[in-house]
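>>> Structure for the following, please:
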Amino acid sequence: MLENLLDKEDRRKLLFFQLLEESPQFAVRQTVIQDTLELSDFLFEKTYELLKEDLVEYSLEEYFQLDKDNITVSLAESGQASSDILLEIYLRKSLDLDIIKSIFLNQFRSVNDFAIDRYVAYTRVYRHLKLIKDFFREFDIKVSKKFVLDGKEEDIRFFYLSLFVMLYKGDYSLYKNNNVEKVQVFIDRLNKHSAKKLSEFTKMRLTHYLNIILVRSRQDGELKEEPKYETLDIFSHETEVWYLCSDFFSKYIKVSPEAMNQEILMLYSILLTEGFFKAGVAKRIAKIDEVRELNHFFVEKFGQVFSVDVRDTNHLTILSELSLLHYELSFFPKKQAYFSGKRDMLYFEESYPEYFEFCRDLVRFSKETGKLAIWENNVYAFYQYLFLLANSVPLDFILEPINICVDFSFGKVYNEFILKKIPFFSELAFTINDEISDATDLVLTDSTSLYDDKDVERIIWLSPPRPVDWSNFAAKVLEIRLHKHRE
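Numbering: from 1, shown residues only. Model prediction:
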């Protein structure tokens, strides 16, 4: 989505790079690149050379190296960065982002003034502004004729929060220095009351959010929605933090008492999802109707698919994390539209196929059953459900043990050596022995014919096993566990 804010040339370079990045071997034939991006020979060569120049200009050579011969273009990566860094660089220098920032700071007075100030053609600014207005509409935000943002205040704030966190990280030069100092003093005071110390990312995100509030408050950017009083009751026990927040907002933001409560509630909600409060608050949140309904939906579907109650494993963690996620989905602006870096989910799809399939189907089913809080945030919800299950529910809770017979020609001691290594290779439950039985799922051996008369899966290894042998073992285990799951 953010790629749409780039100029054609920068977008072309980014797509060129991403094609290489997403290729299994980090190499793509020139003809494939030209066909995919619809590039002439001239544009192909130009894009390649400009991309190489960018790697030098932006000091990215330590992360990436581009090379090509007459047939193939290849990319060497250090593993310390991705195409997201290029996207951020191109966005920061784009005309569209300059306009979006200027509107946020209430500095965009007219197309003509902006064009003169930036030494850009009037027609170009006019054309880009029209595209930006269309872009904002995707987030339920409008830009008025006087270039003022119009829409739900929380939608506007979270749009800019997501954008600025992604692009600027710990760079707060966009805001007034004295505001940044006030905010950081407040966050330091908050941190003393946190159940666990705030991470650097959380502090960075809070710094942006509170500075956005200070900017928006000068433009009458007040939360207009009625406070969710049932949620206020849940937070009422945290009085010290409430008064600390109230003191900050009353000093620096002029709002009505009703709006003050709403401001604190929104900040509390952010703090809640960042693990600021003690576990007791998550228990109280689980009693909110919307959260309780979604928790039940998840637990019920999990039981139907896996024939177990997810609450029977790591009970407190599961319910607490589910409640936090469902609170976020129910009461925050839609996550669906907001920005995040590229995520390659292949690891989870290959390592946790049962959870991957379950989360995908759960999100799809949420649409059919009217669970809009999930469906309207379907991509974000899918990721969070998958991460939660992978982190909190061990695979041996939902899967039968895989029975493995280990029988190598080197004898008993070597068999025992292999037996000890297998559990370190996977978190799956294994039943491992050196005798075959009717329950055996897989035989590991170095004999090519010893088990020909047995109806059992085999993997023939060299002794000692090579990396490729372990890889074949992993593939076969995945095949067996999927078969067991779908039986």
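
>>> Give me the buried positions along stretch 71-86.
Using 16 or more other C-beta atoms under 10 Å as the test for burial, stretch 71-86 gives 72-73, 75, 82-83, 86. Every C-beta, even on glycine, is put in place using the N, C-alpha and C of the backbone.

>>> taking those residues one by one, which sit in strands?
The members of these that map onto strands under DSSP state E are 72-73, 75.

>>> and which of the residues you listed is nearest to Ser449?
Ranked by distance to Ser449 (C-beta to C-beta), these are led by Thr72 at 42.1 Å.

>>> Pretty sure the closest one sits against Val28.
Yes. Counting by C-beta atoms under 8 Å, Thr72 touches Val28, with 6.9 Å between them.

>>> so after the helix or strand bottoming out on mean pLDDT in the chain, what's the next helix or strand?
In the chain, no helix or strand scores lower on mean pLDDT, DSSP states H and E than helix 229-235, which sits at a mean of 60. Later in the chain than helix 229-235, the nearest helix or strand by DSSP states H and E is helix 239-252.

>>> Run the angle between the helix or strand that comes right after that next one and helix 239-252 for me.
Toward the C-terminal end, the helix or strand that comes next after helix 239-252 (DSSP H and E) is helix 257-273. Angle of helix 257-273 versus helix 239-252, following axes from the mean of the first three to the mean of the last three C-alpha atoms, to 10 degrees, is 130 degrees.

>>> which strands and helices sit next to helix 257-273?
helix 200-217, helix 229-235, helix 239-252, helix 279-285, helix 315-331 (3 or more C-beta pairs under 8 Å, 6 or more residues apart in numbering; DSSP states H and E).

>>> okay, the angle between the longest one and helix 257-273?
What that stands for is helix 200-217. Angle, helix 200-217 to helix 257-273, by the same axes, to 10 degrees: 160 degrees.

>>> Would you state the strands of the chain in chain order?
Assigned by DSSP E, the strands in the chain fall at 27-29, 64-68, 72-77, 142-143, 149-150, 402-407, 430-433, 442-445, 457-460.

>>> domains for the protein, by residue range?
Recorded structural domains for the chain (assignment: automatic domain parsing) are 2-81, 92-280, 282-396, 399-486.

>>> First-to-last residue distance for the first one?
Start and end residues of domain 2-81 are separated by 18 Å (C-alpha to C-alpha, to the nearest Å).

>>> what would the helices and strands packed on helix 257-273 look like in a markdown table with distance to Asn403 and mean neighbour count?
Listed next are the helices and strands packed on helix 257-273 as a markdown table, based on distance: least, C-beta to C-beta, whole Å; neighbours: other C-beta atoms under 10 Å:
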| stretch | distance to Asn403 | mean neighbour count |
| --- | --- | --- |
| helix 200-217 | 43 | 19 |
| helix 229-235 | 48 | 16 |
| helix 239-252 | 53 | 15 |
| helix 279-285 | 39 | 17 |
| helix 315-331 | 28 | 20 |
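
>>> Would you single out the least confident of these?
When the helices and strands packed on helix 257-273 are ranked by mean pLDDT, helix 229-235 comes last with a mean of 60.

>>> wait, what's in contact with Glu61?
Counting by C-beta atoms under 8 Å, 6 or more residues apart in numbering, Glu61 touches Leu55.

>>> Now do it against His193, distance only.
Distance, Glu61 to His193, by C-beta to C-beta, to the nearest Å: 45 Å.

>>> just Leu43 next, same as before
Between Leu43 and His193 the computed distance is 57 Å (C-beta to C-beta).

>>> Give me the below-cutoff pLDDT ranges for the stretch 101-250 of the chain.
When residues are selected by pLDDT under 70, those of the stretch 101-250 of the chain lie in 224-238.

>>> Now with 90, please.
Along the stretch 101-250 of the chain, the parts satisfying pLDDT under 90 run over 138-140, 151-155, 162, 166, 177-178, 193-198, 217-243, 246, 250.

>>> got it, and the stretch 251-400 of the chain?
For the stretch 251-400 of the chain, residues meeting the criterion pLDDT under 90 lie at 251-289, 306-321, 324, 328, 330-354, 376-380, 390-400.

>>> Settle this for me: Asn472 is touching Arg458, isn't it.
No. Assessed by C-beta under 8 Å, Asn472 is found out of contact with Arg458, at 10.8 Å.

>>> re earlier: generate JSON lines for the ones in strands among the buried residues of stretch 71-86, with distance to Ile270 and pLDDT as supplementary columns.
Output for those, formatted as JSON lines (distance: C-beta to C-beta, whole Å; pLDDT from 0 to 100):
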{"residue": "Thr72", "distance to Ile270": "47", "pLDDT": "93"}
{"residue": "Val73", "distance to Ile270": "43", "pLDDT": "93"}
{"residue": "Leu75", "distance to Ile270": "38", "pLDDT": "91"}
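
>>> Turn those into CSV, columns for distance to Ile264.
Output for those, formatted as CSV (distance: C-beta to C-beta, whole Å):
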residue, distance to Ile264
Thr72, 58
Val73, 54
Leu75, 48
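
>>> what's the closest of these to Ile253?
The nearest member of those to Ile253, counting by C-beta to C-beta, is Leu75 at 47.8 Å.

>>> Am I right that that closest one is in contact with Glu21?
Yes. Taking C-beta under 8 Å as the definition, Leu75 is a contact partner of Glu21 at 6.4 Å.

>>> Distance of Ile141 relative to Met1?
Ile141 is 14 Å from Met1, where distance means C-beta to C-beta.

>>> same deal with Ile288?
Per C-beta to C-beta, Ile288 is found 31 Å from Met1.

>>> Between those two, which is the more surrounded one?
Just comparing Ile288 and Met1: by other C-beta atoms under 10 Å the higher neighbour count belongs to Ile288, 21 against 10.

>>> wait, that one sits on Tyr327?
Yes. With contact defined as C-beta under 8 Å, Ile288 reaches Tyr327; the gap is 6.9 Å.

>>> just checking, Ile422 touches Asn403?
No. Applying C-beta under 8 Å, one finds Ile422 not in contact with Asn403, separated by 11.9 Å.

>>> Return every residue with contacts to both of these two.
Here Ile422 and Asn403 share the contacting residues 430, 432, scored by C-beta under 8 Å, 6+ apart.

>>> List the contacts of Val32.
For Val32, the contact set (C-beta under 8 Å, 6+ apart) comprises Leu19.

>>> Leu15 versus that one, what's the distance?
Val32 is 13 Å from Leu15, by C-beta to C-beta.

>>> likewise Asp134?
Distance, Asp134 to Leu15, using C-beta to C-beta: 21 Å.

>>> now do Leu324
Separation of Leu324 from Leu15 (C-beta to C-beta): 36 Å.

>>> between the buried residues of stretch 71-86, which is closest to Trp242?
Using C-beta to C-beta, Ser82 is the member of those that lies nearest Trp242, at 40.5 Å.

>>> So the closest one is in contact with Glu21, correct?
Yes. Counting by C-beta under 8 Å, Glu21 is a contact partner of Ser82 at 6.7 Å.
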